[in-house]
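Chemist: What follows is a predicted protein model with its sequence.
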Amino acid sequence: MPQAVITPSDAHIFMYRADAMATPVYMDTVASITVSRDASARPVFNLGTQEVDGFTFGSNVVVGNIVFYKTTEYPFAKVLSQISDSQIGNLVYYKRLSDIEQVHYITSLDTIPAEKTVPFSIIIIYRAEILESRVPMDILDEMKIVSSRQELDHNSTPIVIYDFVARRLRHSYARVSTDSQNGTIEIDASAIRFNKPRADWSREYEKIIRSGT
Amino acid sequence: MPMLMEQKQFSVYYSGSDVEIVVGSYVLDLVSYIQWANGSGVVPFYSCFSPEPRGVLQTNKIVKGQLGFNLKYANYLEALTKKVPGSKILWNGTIYLPSMVVAATGNDIVPTFTFNGLYLSGGVKTAVPDGNPLQDIYQFISMDLVKRDEI
């Protein structure tokens, strides 16, 4: 298959929370997104030589920003509205909100700063026409917004910029159904699931605390 | 490809991100800091007639260290003693663990340090308003330390 250059028009952005939403939400007002992965790979030098002998591999951090055109609707309203009232109470960062913020979170999303939103994951699907049913997909696991700003001037469309930090960036593939005329994008749940195999004590301990045993 | 075969490859060194600490079958996933030292050594002894040492005496042996956690639970370590066979909490609050394995993973040769007979005490809490997580620092001594390079 020939290689295809991916253009911004090919990029489709979805947001989701695997533990609280049935289907990812299409983000139709995204103007741009940048993603950087800063993986610490530091050179190691030994005495008696001026050359690098090797590297250490330290922490990874995935950061970036997502830019929305400013519209009358809060950019995350559609995503947040997908989370049921019963599920939202289980989300860790939701519990950090004050009582009044929790009420607003469900009833009046516009009043909650984006920094207070619960973490979401972002899926970017690159659907170049030349590609067949298998299309590349980037997955940003647990993207947390950490700051925001707005830019309004006379010469361009007003935008809202959200800086985020994510847990990890993964690359996978989605399927595009060839049955329908529009070509429905299908995201395989197993492709976006991420299981941490380690037997972390804090997970086990948390289960014990919550079960009250 | 003899030319490539002769080329020395880059070494893999380890950073804190490679360190995995296991007690029983559980990974201590909240550790932010570990440091230890072999507390054994030698001291010179002298005769009255020479400034040079006549020989050395071996000192008492003990492994001492510190284990720091990003504080998330008040009883993170105490609760572990109920799940790891052979571990217990002593009358004065000291935590005893039969063993703890510290390994630097990420390469085919894994430097592994096994601490046997571990006593942890302290639990010094530190909170500063700079956005860093609360710290919970324990001192420990270990009766025995076994070092291995495992493949």
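Modeler: Sure thing, it's come through.
Chemist: Run through the residues that contact the closest residue to B:Asn92 other than its chain neighbours.
Modeler: Nearest residue to B:Asn92 in three dimensions, chain neighbours excluded: B:Ser121, at 7.9 Å (Cβ to Cβ, 6 or more residues apart in numbering or on different chains). No exception for glycine: its C-beta is placed from N, CA and C like everyone else's. Contact partners of B:Ser121, counting by Cβ atoms under 8 Å, 6 or more residues apart in numbering or on different chains, are B:Asn92, B:Gly93, B:Thr94, B:Ile95, B:Tyr138, B:Gln139, B:Phe140.
Chemist: With A:Thr34 instead?
Modeler: A:Gly64, A:Asn65.
Chemist: again with A:Thr71
Modeler: Contacts for A:Thr71 (Cβ under 8 Å, 6+ apart) come out as A:Thr29.
Chemist: tell me which element it falls in.
Modeler: For A:Thr71, there is no helix or strand it lies in under DSSP states H and E.
Chemist: For chain A, what lies in contact range of chain B?
Modeler: A:40, A:42, A:44, A:52-59, A:198-206, A:208-209 (Cβ under 8 Å from any Cβ of the partner chain).
Chemist: Inside strands: which ones of those?
Modeler: Members of these lying in strands (criterion: DSSP state E): A:Ser40, A:Arg42, A:Val44, A:Gly54, A:Phe55, A:Thr56, A:Phe57, A:Gly58, A:Ser59.
Chemist: out of those residues, what pair is the most spread apart?
Modeler: A:Gly54 and A:Ser59 (17.9 Å; Cβ to Cβ).
Chemist: which of those two has more neighbours?
Modeler: Per other Cβ atoms under 10 Å in any protein chain shown, whichever of A:Gly54 and A:Ser59 has more neighbours is A:Gly54, with 15 against 10.
Chemist: For the more buried one, which non-adjacent residue is closest in space?
Modeler: Nearest to A:Gly54 is B:Ser11, by Cβ to Cβ, 6+ apart, at 3.1 Å.
Chemist: Kindly report the same for A:Ser177.
Modeler: Using Cβ to Cβ, 6+ apart, the closest residue to A:Ser177 is A:Thr184 (4.3 Å).
Chemist: Which pLDDT does the model give that neighbour?
Modeler: pLDDT for A:Thr184: 70.
Chemist: that older thread, state the pLDDT value of the residue nearest to B:Asn92.
Modeler: Predicted confidence (pLDDT) for B:Ser121: 94.
Chemist: With A:Asp138 as the reference, measure out to it.
Modeler: The spacing between B:Ser121 and A:Asp138, counted by Cβ to Cβ, to the nearest Å, is 47 Å.
Chemist: Name the residues of chain B found near chain A, please.
Modeler: Applying Cβ under 8 Å from any Cβ, we find that chain B lies next to chain A at B:10-18, B:23, B:25-30, B:72-73, B:76, B:79-80, B:83, B:106.
Chemist: now these: which count as buried?
Modeler: By neighbour count, with 16 or more other Cβ atoms under 10 Å in any protein chain shown, these hold B:12-15, B:18, B:23, B:26-30, B:73, B:76, B:80, B:106 as buried.
Chemist: The residue nearest to A:Ser177: neighbouring residues, count only.
Modeler: Neighbour count of A:Thr184, defined by other Cβ under 10 Å: 11.
Chemist: In this structure it contacts A:Ala174, no?
Modeler: No: counting by Cβ atoms under 8 Å, A:Thr184 stays clear of A:Ala174, with 10.5 Å between them.
Chemist: follow-up on the earlier one: out of the ones in strands among the residues of chain A next to chain B, flag the one nearest to chain B.
Modeler: A:Gly54 (3.1 Å; Cβ to the nearest Cβ).
Chemist: The residue nearest to B:Asn92 pairs with what?
Modeler: Counting by DSSP bridges, B:Ser121 forms beta bridges with B:Gln139.
Chemist: about what we covered before: got a ChimeraX select line for the buried ones in the ones in strands among the residues of chain A next to chain B?
Modeler: The buried residues among those can be selected in ChimeraX (16+ other Cβ under 10 Å) with this line:
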select /A:55,56,57,58
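Chemist: still on that earlier bit, what two of the buried ones among the residues of chain B next to chain A are the furthest from one another?
Modeler: Longest span within these, Cβ to Cβ: B:Val12 and B:Tyr73, 33.5 Å.
Chemist: just checking, A:Val118 touches A:Tyr94?
Modeler: Yes: counting by Cβ under 8 Å, A:Tyr94 is a contact partner of A:Val118 at 5.4 Å.
Chemist: how about the closest residue to chain A within chain B, phi and psi?
Modeler: Residue nearest to chain A within chain B: B:Ser11 (3.1 Å; Cβ to the nearest Cβ). For B:Ser11, the backbone dihedrals are phi -80, psi 150 (criterion: degrees, to the nearest 10).
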